[in-house]
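Undergrad: Turn this into a structure:
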Amino acid sequence: MSNTFHLSLVATTVLLASSAFAAPPQGYPANYQSVIDAATKEGKVVVYSTTDTKAAGPLIQGFESTYPGIKVEYNDMNSTELYNRFISEQASGGSSGDVVWSSSMDTGLKLATDYAQEYQSPELSQIPKWAVWNNKAYGTTYEPVVFIYNKRLIPAADVPDSHTALAKLIASQTDKFKSKVTTYDIEKSGLGFMLSVQDDKADPHYFTTLADVAKGGLAVQSSTGTMMERVSSGENLIGFNILGSYAEARAKTDPSLGISYPKDYTLVLSRVSFISQQAHNSNAAKLWLDYVLSEKGQSILANQADIPSLRNDIEGKNDIDGMTKMLGKALKPIPVDESLLEYLQPKKRLDYIKQWRTAAGK
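TA: Residues are numbered from 1 along each chain as shown. Below you'll find the predicted structure:
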């Protein structure tokens, strides 16, 4: 037997074995097997994501176990880096991500309007209508935006439960909170900018509230991790516009970190994902997106990664139903639609940043 024939036989055997283990999920169309087979030939999917590799780890493991012939090449970066890198690679025609998965919903949708391929996921009926844009961009999570505080240094009676209460607390104790309040630097963080714009849409008095919150001076950061670390250590006392998923995950092992869900309104972020028109591994990308949206994938996100599910059929409380029972009408999901793009216009963005910096004392 020639070496070439032997290698070909081995490759075919591996491919058939992989396909045998990877059958279409229950309820999927019969022709989905052809997508699985084509994806197995591709052998990998390249994901560009803002979700921490540690948080995404259980999801990656679950996907690779479900589709043993396909490896996930996972690239974790901040939202601004992801945006700029993806655009640059698309312009140069070089290799790039097959799938984008961004917590910065506005820049994620902007990329989708220019670069996403249309794909109707078999999971479409299980997803809220506000979370899908033109069968191109999909919301994938349901993450309340919270306050965090140092439990050792903030008395329980002082913990704010609304944006107004946060502003009153800080404005009444400016010496205590001088340079001790942290949030995103909206110029360096695409997520921070988007959340600030959504605050402004939700609260007609947002900039007045922000000015009160900033009376002690704001310590702005570009990452959630840095803010949680500084609040936990006591270097800062309170943080606002923090992703609740990351805060809840840390609080499980950090007794110093407290979490407060604002009851006047709670923004809900949904990480935006899409498949690139130029995806080199287009079939594997479809499998990945469908897996993220599936009951199995969403259960892993909710119960292993502490990222709340966009579905309402997940075991446990970390899904839409659980969040609704806890916060009710205070929840304000940010829709995946063109309204996200309004403040990405250069002049409007610059004017907004100037207004924010004036209110924030920056």
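
Undergrad: name the element residue 152 belongs to?
TA: Assigned by DSSP states H and E, residue 152 belongs to neither a helix nor a strand.

Undergrad: Neighbours of it, how many?
TA: Residue 152 has 12 neighbouring residues, counting by other C-beta atoms under 10 Å. To be clear about C-beta, it is placed using only N, CA and C from the backbone, and glycine gets the same treatment.

Undergrad: Check residue 135 too.
TA: Residues near residue 135, counting by other C-beta under 10 Å: 14.

Undergrad: same thing with residue 272?
TA: So residue 272, with other C-beta under 10 Å, has 30 neighbours.

Undergrad: in what helix or strand does the nearest residue to it once chain neighbours are set aside lie?
TA: The shortest distance from residue 272 to any non-neighbouring residue, by C-beta to C-beta, 6 or more residues apart in numbering, is to residue 108 (3.5 Å). Element membership of residue 108 [criterion: DSSP H and E] is helix 105-115.

Undergrad: Quick check: pLDDT value at residue 19.
TA: If you check residue 19, the pLDDT there is 43.

Undergrad: just how off-centre is the helix or strand harbouring residue 48 within its chain?
TA: Taking DSSP H and E as the definition, one finds residue 48 inside strand 44-49. On the basis of C-alpha atoms, centre = their mean, to the nearest Å, strand 44-49 sits 15 Å off its chain's mean C-alpha point.

Undergrad: So residue 89 is in contact with residue 100, correct?
TA: No: under the criterion of C-beta atoms under 8 Å, residue 89 makes no contact with residue 100, lying 11.2 Å away.

Undergrad: hang on, the earlier thing: measure how the strand holding residue 48 sits relative to helix 105-115, angle-wise.
TA: Strand 44-49 runs at 140 degrees relative to helix 105-115, counting by axes from the mean of the first three to the mean of the last three C-alpha atoms, to 10 degrees.

Undergrad: can I get the CA coordinates of strand 44-49 in CSV?
TA: The C-alpha trace of strand 44-49 is given here as CSV (Å, rounded to 0.1, in the frame of the first residue of the first chain):
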residue,chain,number,x,y,z
LYS,A,44,-11.8,24.5,12.7
VAL,A,45,-13.6,27.7,13.4
VAL,A,46,-11.9,31.0,14.1
VAL,A,47,-13.8,33.1,16.7
TYR,A,48,-13.0,36.8,17.4
SER,A,49,-14.5,37.6,20.8
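
Undergrad: Quick check: next helix or strand after whichever strand in the chain runs longest?
TA: Criterion DSSP state E: the longest strand present in the chain is strand 143-150. Later in the chain than strand 143-150, the nearest helix or strand by DSSP H and E is helix 163-172.

Undergrad: and that next one, average pLDDT?
TA: pLDDT averaged over helix 163-172 gives 95.
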